[in-house]
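Peer 1: Show me the folded form of this:
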Amino acid sequence: MITLAREARGLSQGQLAERIGASQGHLSKVEAGLLPASAGMHANLVEVLDYTPEFFCWSDPVFGPSTCEFYHRKRQSLSNKLLRTLHARMNVQRIQIGKLLASVEIGTVRVPKIQPEEADGSPSEVARLIRASWQLPAGPVKSLTEAIENAGGIVVRSDFGTQQLDAVSRWVPGMPPLFFVNRQAPGDRQRLTLAHELGHIVMHQVPNPDMEQEAFEFAAELLMPESDIKQYFAGLTIPKLAALKAVWMVSMAAIARRAKELGSITERQYRSLVMRLNRLGFRTNEPPELNVAPEDPSLLSEMFELYRRDLDYSQSELASLLGVREDELRLTYGLAPAHDDHRTQLRLLGGARSGSI
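Peer 2: Predicted structure coming up:
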């Protein structure tokens, strides 16, 4: 837990040792479990790393990166230090969510694991199976975040401290699948990347060299089903891409790429559209009037509300449960004041008062 807290705060072992007044060798042995942390060191760790004293006594497992976690092309440019920091923060949040789930039941997880070879080798067919099993209506997915949470996944909007990484997914034993989405990313990119991560969660228990392309194909079919969108690709122009973006809530570039993949436009036509998007500056920043609003997760907010309303937790007690100060709790999870009339779809475990609608 010392190592996890240190990396979550972006500190090297040497930096932490200096700040708590210890030698790096001594701290290294403490982190390795070869020496106990003295009461004085414990107090210094609490002060410097800004976690509660109880945090350092937790015995929850810490998991390393998953098969797909850091293999996206954008992740390759991230520094190792930032990757370690992000990974540690996600581990901390995973542990915190696990502590919340100790008294809350979110229902059955309905996120299946389907290898592409089980669906005729087609990631698109896997996406169609997901849409069918979740009973998503034809056309655009109104809210992918809501669909995932209805299926028992948990979506967490986080500040990654960088725009080079849009989302990371984790599914570890004993937990529902978790999807960490970068709150700094535009709403259309959040949706496409969330669909991409869902593809990894569903299809890639075993790594393969094509898994990134498979996840892209899955995401495209999930958000832009061939049977629904292809009819709109005739005479594709920049204004038409803009109109389609308003309906399908993905970027104009993603729609153009989808049209090429489905054979509705040629490679030459696709390159021409991309060049025009580049000249207009739309490849990186599409017109603000076309911005897609970020999807707001609700499951975590409902869990916190249930703790406050049905379990009578104060905000300070919630912070203590999760091992942080109150201001960090509010900042990390965007907690709003409790509302007496708010009802959640969750229920307590063990027969206590229910939070069900």
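Peer 1: Work out which residue lies at the spatial centre of the chain.
Peer 2: Nearest to the mean C-alpha position of the chain, by Cα atoms, centre = their mean, lies residue 180 at 1.6 Å.
Peer 1: That one: what secondary structure?
Peer 2: Secondary structure, DSSP: H, G, I helix; E, B strand; the rest coil: residue 180 is strand.
Peer 1: Looks like it contacts residue 168 (just checking).
Peer 2: Yes - Residue 180 is within contact range of residue 168, at 4.8 Å (criterion: Cβ atoms under 8 Å). All C-beta spots, glycine's among them, are computed from the backbone N, C-alpha and C.
Peer 1: and residue 58, how far is that from residue 97?
Peer 2: With the distance defined as Cβ to Cβ, to the nearest Å, residue 58 ends up 13 Å from residue 97.
Peer 1: partners of the residue nearest to the centre of the chain in the sheet?
Peer 2: residue 156, residue 168 (DSSP bridges).
Peer 1: can you give me the helices for the stretch 201-350 of the chain?
Peer 2: 211-223, 226-229, 238-248, 252-261, 267-279, 299-309, 315-322, 326-333 (DSSP state H, counting those that start in this stretch).
Peer 1: okay, the ones you listed in JSON lines with distance to residue 156 next?
Peer 2: Listed next are the helices of the stretch 201-350 of the chain as JSON lines, based on distance: least, Cβ to Cβ, whole Å:
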{"stretch": "helix 211-223", "distance to residue 156": "19"}
{"stretch": "helix 226-229", "distance to residue 156": "29"}
{"stretch": "helix 238-248", "distance to residue 156": "25"}
{"stretch": "helix 252-261", "distance to residue 156": "23"}
{"stretch": "helix 267-279", "distance to residue 156": "31"}
{"stretch": "helix 299-309", "distance to residue 156": "7"}
{"stretch": "helix 315-322", "distance to residue 156": "13"}
{"stretch": "helix 326-333", "distance to residue 156": "8"}
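Peer 1: Relative to residue 20, which of those helices is closest?
Peer 2: In terms of Cβ to Cβ, the element of the helices of the stretch 201-350 of the chain nearest to residue 20 is helix 326-333, at 19.7 Å.
Peer 1: Now do the buried residues in that closest one.
Peer 2: By 16 or more other Cβ atoms under 10 Å, the buried positions in helix 326-333 come out as 329, 332-333.
Peer 1: Distance from the chain centre to the top helix by length along the chain, please.
Peer 2: Ranked by residue count under DSSP state H, the longest helix found in the chain is helix 80-101. Distance, stretch centre to chain centre, for helix 80-101: 11 Å (Cα atoms, centre = their mean, to the nearest Å).
Peer 1: ditto for stretch 186-195
Peer 2: In terms of Cα atoms, centre = their mean, the centre of stretch 186-195 is found 10 Å from the chain centre.
Peer 1: again, but for stretch 185-205
Peer 2: With Cα atoms, centre = their mean, you get 8 Å for stretch 185-205.
Peer 1: Looking at that stretch now, give me its mean pLDDT.
Peer 2: Here stretch 185-205 scores 95 as its mean pLDDT.
Peer 1: Kindly report the same for stretch 115-128.
Peer 2: For stretch 115-128, the mean pLDDT works out to 93.
Peer 1: Tell me where the stretch 1-150 of the chain has helices.
Peer 2: With DSSP H, counting those that start in this stretch as the criterion, the stretch 1-150 of the chain has helices at 2-8, 13-20, 24-31, 39-49, 80-101, 123-133, 144-150.
Peer 1: re earlier: between residue 58 and residue 97, which has more neighbouring residues?
Peer 2: residue 97 (20 against 16; other Cβ atoms under 10 Å).
Peer 1: Could you tell me which residues make contact with the residue lying closest to that one once chain neighbours are set aside?
Peer 2: Nearest residue to residue 97, sequence neighbours excluded (Cβ to Cβ, 6 or more residues apart in numbering): residue 154, at 6.4 Å. Residues near residue 154 by Cβ atoms under 8 Å, 6 or more residues apart in numbering: 97, 106, 176-179, 297, 299-300.
Peer 1: Kindly reformat those as CSV and extend each row with distance to residue 51.
Peer 2: Putting the contacts of residue 154 into CSV (distance: Cβ to Cβ, whole Å) gives the following:
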residue, distance to residue 51
97, 16
106, 26
176, 24
177, 26
178, 20
179, 24
297, 24
299, 24
300, 20
